[in-house]
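>>> Okay, structure incoming, though there's no sequence with it:
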């Protein structure tokens with residue numbers, strides 16, 4: 001199970017998260033190019049992420065996010081991944097909760113993500129409080145994406 005969830009903080013962790021993501025490719029156009037760009041953006045601090053380790057120190061999940069390019073009040077969840085052998089154990093919910101806490105602490109008012117309209121993660125994200133805001137062809141003219149948002153309660 002989860003031993004630790006922490007914010008990515010050094011090049012060694014970036015490389016380990018990169019290899020983890022690479023081992024669970026997504027069905028997105030030019031995923032490998034995105035992954036390489038993601039690694040560079042983690043290195044310069046443009047993107048940030050949390051990762052979960054098991055008791056052996058192996059990465060079993062991660063969430064990559066960044067500030068929205070146009071609206072500084074929105075934190076975009078760019079990638080959420082849980083190793084298949086650890087799915088349905090609440091790890092994704094734990095990481096989502098930590099990202100939400102981070103967003104609140106950093107002053108964000110909304111979380112946003114997108115996924116293929118037929119991706120089962122849509123149901124998971126809805127269970128985390130996200131609502132479908134729009135449907136668009138973001139990455140391909142043949143694959144419809146659902147854009148989902150979660151309003152953050154900024155009052156304590």
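Thanks, I have it. For clarity, every value in this text was computed on a predicted model and none was experimentally measured.
>>> now the helices for this structure?
Remark: helices assigned in the chain by DSSP state H are 11-23, 31-44, 91-105, 121-127.
>>> want to try CSV for those helices, with mean pLDDT, mean neighbour count and distance to residue 79 as columns?
C-beta coordinates here come from the backbone N, C-alpha and C atoms, glycine included. Output for these, formatted as CSV (pLDDT from 0 to 100; neighbours: other CB atoms under 10 Å; distance: least, CB to CB, whole Å):
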stretch, mean pLDDT, mean neighbour count, distance to residue 79
helix 11-23, 95, 16, 7
helix 31-44, 93, 15, 7
helix 91-105, 95, 18, 11
helix 121-127, 94, 16, 11
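>>> and of those helices, who's closest to residue 5?
Residue 5 sits nearest to helix 91-105 of all the helices of the chain, at 5.7 Å, using CB to CB.
>>> now what about the closest one, what contacts it?
The contact list for helix 91-105 (CB atoms under 8 Å, 6 or more residues apart in numbering) reads 2, 5, 7, 50, 52, 60-63, 65, 75, 77, 80, 82, 111, 124, 127-128, 150, 152-154.
>>> show me the residues around the closest residue to residue 139 other than its chain neighbours that make contact.
With sequence-adjacent residues excluded and distances taken as CB to CB, 6 or more residues apart in numbering, residue 139 is closest to residue 29, at 5.3 Å. Going by CB under 8 Å, 6+ apart, residue 29 touches 139, 140, 143.
>>> Go ahead and confirm residue 48 touches residue 42.
Yes - with contact defined as CB atoms under 8 Å, residue 48 reaches residue 42; the gap is 7.3 Å.
>>> Appreciated, that's everything.
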